[in-house]
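Engineer: how does the following fold in three dimensions:
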Amino acid sequence: MPEQSMVPIDQMLPNKLPLVALMGRPIFPGIFTPIMIGNPPDVKVIDDAVSGNALIGLVMLKNETENPSITDLYQVGTVAKIVKKINLPDGGVNIFISTLKRFRVKKTLHVQAPIAAAVEYIEDEEDNTSEVKALTRALISEMKQISENNPLFSEEMRLNMINIDHPGKIADFITSILNIDKAEQQKILETINVRKRMEQVLVFIKKEQELLRIQKRIQKEINEKIEKSQRDYFLKEELKAIKSELGMATDAKSSEYQRFKDKIDAFKFEGEIKETVEQELEKFSLMEPNSGEFTVTRNYLDVIVNLPWNDPPPEVFDLANARIILEEDHYGLKDVKNRIAEYLAVRKLKQHKQPGSQNQQQSKNHKGHTFGRSFDRFPVGSIVCLAGPPGVGKTSVGRSIARALGKEFFRFSVGGMRDEAEIKGHRRTYIGAMPGKIIQGLKITKTRDPVFMIDEIDKMGTSYQGDPASALLEVLDPEQNYAFRDHYLDLPFDISRVFFIVTANTLDTIPAPLLDRMEIIELPGYIDTEKFEIARRYLVPKSLEKNGLKKSQVKYTKDSLYHIANGYAREAGVRNFEKNLDKIHRKLAIQIIENEESKSNISDRSDIADHSAETPQPQLSFAVDKKTVEKYLGKPIFPEDVVKKADKPGMSLGLAWTSMGGDTLIIEAVSSPGKGELILTGKMGETMKESASIAMTVARKAGIEKYSLPSEWFEKNQIHLHIPEGATPKDGPSAGITMATALLSLLREKAVTDRLAMTGELSLTGQVLPIGGLKEKTVAARRNHVKDIIIPKQNLRDLDDIPDHVKKGINFHPVERFEEVLTVALPD
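Structural biologist: Numbers count the residues shown, from 1 in each chain. Okay, the predicted model is just below:
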């Protein structure tokens, strides 16, 4: 506050002053204020000053430091008179000072504490113009606005500000009470010209007013939020009271509890399930909503009430309609369609055999649930494995089966899965635990008898997290899955009504116990005639629609579709066939758009004004023939004239079975001088290497005994046996007779019968052993234009499984001994 008594005119200020360093902010002249001094050297300066003239110099530090020197101080400060001193218990002092005048340090008398200096006193440069008066009024007016909106400004401060009559002192007083940076305050202290000082202070006042406006706006927004939250609180309390009067749930937790209770009561659980669910529901009612366990229990109850515990409605079976749906969606697949027809027939027959007794027995014993095994309604043969190469329609046939049966469909893939919790769920010991895929699927489909498709079952892995294949044993076992226990649910649930369809590319990697639980239906690859029908009926319309074309715009010739099948998509499936169709249709789409844009540009440039006389342009259409196919797809990947042939001595044509379907393999053998070695190349596996050794022994024996070859020839020559495409791994027990035939062809210097392929394993005694995958191998042989196939006699039964249109034009030669192979392959 300003000093109340004026300094006498005759008082002389000394030219030498002890200096006290200020850490906070500078103190302006004309101020009466207390200061607390704690630094011992400064306390001594105060004591000496009180015993003398009671005058000290107050100078602000440039930077805070513990032991300041005069170089750490600003050059301009304020001289002050000590009015009163109070000693403090900690050794410091509290003084009341009255500041008198500005001064500038002229000469240093003592650098370190106690700091002393010779000073010169500064007089204000006054300018009694109308501009200064206007600035004075502006300062007082602006400060009134600030003081009225700020409770920190007392009434006494407002009065003192009005009573000050000197413009410079008004600026000093306002600066001392404004909340501005200390460096800016020091700058104003050093400003001698009163007008400039007032202009600077006015700028700071404007900044302070802007801050106050922002503060006021923020305070208003906060108050509005508080008022809204208070209003919402009171409304919620009123709503609770109304709900309480009406007997309704008064909060979210009560509402959830009531929902869970109503659904659980409707299920009419018994035994273990009833006891567990009621315990969880009771626990849920006692928990605080903010606890972590509350969320875990709520999610658990939510899963339980959303599972289909009740029996589904009686099934309506329509065998004829199911056949129609399957025929509409897929061409061929006779085994799959027959199996679905068998399933429906059995279900319908059992339904007719026991009319009414099923539902009555369930109601009596289980009250809508299956808590024990019920043999009279167990679905017979409801676990099917579709095995075949990629692209033959295994996944898509699952949806068709669900549609034909009129059931919900749920699909998930287990390819690459390494955690058994994906199948059987996580144990409910932490936040975020989830049920397994089986329970999730039942929750999504909301029925107990859906169609479940488990894709890529042959590609599961194992890790430290468990073995998913072992977890599937319980899921796919009819003797166990009527009381399946998910780790998360931890309650018995009947999944025996689920129709499981699993898919695999190969059966070799599926564990034997898991394979034993499934009925295997093999889907062989398609030959060109089948691909033609599939393309004509399904792929072409689907691809046209996908690429925005109409059926009337694109017409394929028969030769063009056969050319795509044989020249660009010779694999077992039709996936590449569809990709090639998409490629053609995308190029046709470009032509159509370019044609439309060209016509549009011509129309825009035309000078004809009467558009009403224009006739509609004809729709652009395409006839896709063999040349068009090559124009858009390039040269064929598999030229028609490139067929694997064994037309030289030392060559034979074998048949192989892979995860991609059947294939043909050329076996090559050459001899050169050596010491009787057998060299094997072509990336053969261990089983095939053993077959090659057996083939060499059998061929050597036959060459010596039957064809009178000298035994010395084998001691002086080495034989190199090779299978081309060396980058591709090859293994399996079905190439024995093929390798032995190639070796004897080399020894006799005679080529094998033209267009002859063979498959069969060979024993040391010359017996031909059975093989697998005959259907796929026959399809591959047909694609390679083979006319004769040598097969083991024990595989004759497999010929019945091969469609007639695949066997058409092929002669099968069943053999038991290697001598019979030679009769066909290398006749005398």
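
Engineer: helices of the stretch 101-250 of the chain, start to end?
Structural biologist: Remark: helices assigned in the stretch 101-250 of the chain by DSSP state H, counting those that start in this stretch are 130-149, 155-163, 167-177, 182-189, 194-246.

Engineer: other SSEs contacting the host helix or strand of L655?
Structural biologist: Counting by DSSP states H and E, the element that carries L655 is strand 651-658. Judged by 3 or more C-beta pairs under 8 Å, 6 or more residues apart in numbering; DSSP states H and E, strand 651-658 is in contact with strand 661-673, helix 736-748, strand 756-758, helix 774-783. Using the backbone N, CA and C atoms, a C-beta is placed for each residue, glycine as well.

Engineer: can I get those in JSON lines with mean pLDDT?
Structural biologist: JSON lines is the format used below for the helices and strands packed on strand 651-658 (pLDDT from 0 to 100):
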{"stretch": "strand 661-673", "mean pLDDT": "87"}
{"stretch": "helix 736-748", "mean pLDDT": "91"}
{"stretch": "strand 756-758", "mean pLDDT": "93"}
{"stretch": "helix 774-783", "mean pLDDT": "84"}
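
Engineer: okay if I get the ones you listed as TSV plus distance to R323?
Structural biologist: Below are those laid out as TSV (distance: least, C-beta to C-beta, whole Å):
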stretch	distance to R323
strand 661-673	27
helix 736-748	41
strand 756-758	36
helix 774-783	23
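
Engineer: please identify which of the ones you listed is closest to A345.
Structural biologist: Among the helices and strands packed on strand 651-658, helix 774-783 comes nearest to A345, with 25.3 Å by C-beta to C-beta.

Engineer: give me the angle between that closest one and strand 661-673.
Structural biologist: 70 degrees (axes from the mean of the first three to the mean of the last three C-alpha atoms, to 10 degrees).

Engineer: now for helix 774-783, which elements pack on it?
Structural biologist: Using 3+ C-beta pairs under 8 Å, 6+ apart, helix 774-783 is in contact with strand 651-658, strand 661-673, strand 788-792, helix 804-807.

Engineer: so of those, which one's packed in deepest?
Structural biologist: strand 651-658 (a mean of 25; mean count of other C-beta atoms under 10 Å).

Engineer: could you pull up the mean pLDDT of that one?
Structural biologist: Averaged across strand 651-658, pLDDT comes to 87.

Engineer: contact partners of it?
Structural biologist: With contacts defined as C-beta atoms under 8 Å, 6 or more residues apart in numbering, strand 651-658 is touched by 389, 506, 644-646, 662-669, 730, 732, 734-735, 738-739, 741-742, 745, 751-752, 756-759, 771-773, 776-778, 780-781, 784, 786, 789, 825.

Engineer: now it: how far from the chain's centre is it?
Structural biologist: 43 Å (C-alpha atoms, centre = their mean, to the nearest Å).

Engineer: mind putting the helices and strands packed on helix 774-783 into TSV with distance to A117?
Structural biologist: Below are the helices and strands packed on helix 774-783 laid out as TSV (distance: least, C-beta to C-beta, whole Å):
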stretch	distance to A117
strand 651-658	100
strand 661-673	103
strand 788-792	118
helix 804-807	115
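
Engineer: residues touching A565, list them.
Structural biologist: D528, K531, F532, A535, F577.

Engineer: host element of it?
Structural biologist: Here A565 is assigned to helix 558-567, by DSSP H and E.

Engineer: and the angle from that helix to helix 774-783?
Structural biologist: Going by the same axes, to 10 degrees, helix 558-567 makes 120 degrees with helix 774-783.

Engineer: next secondary structure element downstream of helix 558-567?
Structural biologist: Note on helix 558-567: by DSSP H and E, the next helix or strand toward the C-terminus is helix 575-605.

Engineer: which secondary structure elements does that following helix contact?
Structural biologist: helix 540-546, helix 558-567, strand 622-624, helix 626-633.

Engineer: for the record, mean pLDDT for the helix holding A565?
Structural biologist: Predicted confidence along helix 558-567 averages 89 (mean pLDDT).

Engineer: just the CA atoms of that helix, as CSV, please.
Structural biologist: Extracted C-alpha coordinates of helix 558-567, given in CSV (Å, rounded to 0.1, in the frame of the first residue of the first chain):
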residue,chain,number,x,y,z
LYS,A,558,-17.0,-74.4,-75.2
ASP,A,559,-13.4,-74.4,-76.6
SER,A,560,-12.5,-71.3,-74.7
LEU,A,561,-13.5,-72.8,-71.3
TYR,A,562,-11.7,-76.0,-72.1
HIS,A,563,-8.7,-74.0,-73.1
ILE,A,564,-8.6,-72.1,-69.8
ALA,A,565,-8.9,-75.5,-67.9
ASN,A,566,-6.1,-77.2,-69.8
GLY,A,567,-3.8,-74.3,-70.6
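
Engineer: only the buried residues of it, if you could.
Structural biologist: By neighbour count on 16 or more other C-beta atoms under 10 Å, the buried set for helix 558-567 is S560, L561, Y562, H563, I564, A565, N566, G567.

Engineer: closest one of the residues you listed to P492?
Structural biologist: Set against P492, the nearest of the buried residues of helix 558-567 by C-beta to C-beta is A565 (51.2 Å).

Engineer: after the lowest-mean-pLDDT helix or strand in the chain, next one along is what?
Structural biologist: Ranked by mean pLDDT, DSSP states H and E, the weakest helix or strand in the chain is helix 357-365, scoring a mean of 36. Per DSSP H and E, the first helix or strand lying C-terminal to helix 357-365 is strand 383-387.

Engineer: got a list of contacts for stretch 288-295?
Structural biologist: A252, K253, F284, M287, I431.

Engineer: from those residues, list just the buried residues.
Structural biologist: By 16+ other C-beta under 10 Å, the contacts of stretch 288-295 give K253, F284, M287 as buried.
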